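Undergrad: Below is the structure, and that's it, no one-letter string:
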């Protein structure tokens, strides 16, 4: 009986410690209302949107407000994290960790996707569960593990008490009144304005730059032999501008079931959004779970390591008669240990392809002050 009492006491103590830890972790940190550093005249957020359908009105004042909101830790339950804590500008608004930490330090289940060249909708998040950007921007704020503000209406009064917000809302919307809809609209306006369109590839497309021989060979592989654009579609030269979902044969049985978690259909197991192929020089690690640390690993997966799964997308499982998976140019198809067609890339092919992929990285975007954290001194 004594042993039972001791065990129960130990369990009770453990529970009390756990509760205390939870209370400590979720306690609000009172941040000083540090005014963001903003230029006297707003940055121009609209000039690089010419000819691109976004579906959302972007004005300089709305995007400025959205920028402040994006980097403000007051948007989380305990003032611990902001959107920019996981979406880092220097990483093309992705994260260099496999999984990011939420407002109380919990580790997320998926790799933080990059943010740029967005539209108002179409397959947002890795599992394509959102199709409206204005709704999507609020989801991480409300998420119980990410930013923890499950009652989003609380944010209206919370921001109204911060001295710099009423005037920012007035400039953006003509009124100091703060609403969830305005918060959403301003965030979406800022995110829409983040464009990657000044990479060496873009300059070559405009005729102001010439890709080097390695990059040119990689371009030929990408577009002609490997048909990468079948999944990573090019619209307005933005690559995955309107992304689709695919099963790329990462596992024979997926721990993270991807799109199936939304539709509950076994046919959607392993389907994830095809990511943008711009800014890959900055966005490692790669895939929905950050399993690949380098582009070399990514290319090798497609080259020889695609796993046989009932749902593998046809782009990876079909043998093409004139190049692509299987490389069946009149010869015998080489299959990997999983029975899947291979690309049969040489070491030089891999280097060329990676050189081209890196040539689609826009260094100016990750250094542009109009997208930077206004709270950094």
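TA: That came through, no problem. Quantities reported herein were computed from a predicted structural model and do not represent experimental measurements.

Undergrad: Residue ranges of each domain in the chain, please.
TA: 29-196, 200-358 (automatic domain parsing).

Undergrad: ends of the longest one, how far apart?
TA: Read it as domain 29-196. 35 Å (C-alpha to C-alpha, to the nearest Å).

Undergrad: what do you get for the shortest one?
TA: Domain 200-358 has its terminal residues 9 Å apart, counting by C-alpha to C-alpha.

Undergrad: most centrally placed residue in the chain?
TA: Centroid check for the chain by C-alpha atoms, centre = their mean gives residue 113 as the closest residue, at 1.7 Å.

Undergrad: measure it to residue 164 for me?
TA: Here residue 113 is placed at a distance of 29 Å from residue 164 (C-beta to C-beta, to the nearest Å). Yep, even glycine has a C-beta here, placed from its N, CA and C like the rest.

Undergrad: again, but for residue 263
TA: Taking C-beta to C-beta, one finds residue 263 at 43 Å from residue 164.

Undergrad: With residue 343 instead?
TA: For residue 343, the distance to residue 164 - C-beta to C-beta - is 53 Å.

Undergrad: Which of those two has more residues huddled nearby?
TA: Each of residue 343 and residue 164 has its neighbours counted (other C-beta atoms under 10 Å); residue 343 has more, 25 against 16.

Undergrad: wait, doesn't the more buried one sit right on residue 301?
TA: No: between residue 343 and residue 301 there is no contact under C-beta atoms under 8 Å: 10.3 Å.

Undergrad: give the contact list for the residue nearest to residue 362 when sequence neighbours are not counted.
TA: In this structure, residue 362 finds its nearest non-sequential neighbour in residue 196, 4.0 Å apart by C-beta to C-beta, 6 or more residues apart in numbering. Residues in contact with residue 196, defined by C-beta atoms under 8 Å, 6 or more residues apart in numbering, are 92, 116-117, 238, 278-279, 361-362, 365.

Undergrad: pLDDT score assigned to residue 196?
TA: On pLDDT, residue 196 comes in at 94.

Undergrad: Equivalent analysis for the one 3 residues further on, please.
TA: What the model reports for residue 199 is a pLDDT of 96.

Undergrad: which non-adjacent residue is nearest it?
TA: residue 362 (4.4 Å).

Undergrad: Next, the one you found: secondary structure please.
TA: When classified by DSSP: H, G, I helix; E, B strand; the rest coil, residue 362 comes out as coil.

Undergrad: what sits against it?
TA: Residue 362 touches 196-199, 202, 278-279, counting by C-beta under 8 Å, 6+ apart.

Undergrad: Hmm, residue 167 is touching residue 178, no?
TA: No: here residue 167 does not reach residue 178: they are 11.4 Å apart, not a contact under C-beta under 8 Å.

Undergrad: Of the two, which one has the most company?
TA: Neighbour count, other C-beta under 10 Å: between residue 167 and residue 178, residue 178 has more, with 21 against 11.

Undergrad: Just the helices from the stretch 151-300 of the chain, written as ranges.
TA: Along the stretch 151-300 of the chain, the segments classed as helices by DSSP state H, counting those that start in this stretch run 154-160, 165-173, 180-193, 200-206, 213-220, 260-263, 295-300.

Undergrad: Out of those, which is closest to residue 247?
TA: helix 260-263 (10.0 Å; C-beta to C-beta).

Undergrad: what does the closest one rub up against?
TA: With C-beta under 8 Å, 6+ apart as the criterion, helix 260-263 contacts 127-129, 254, 266, 268-271.
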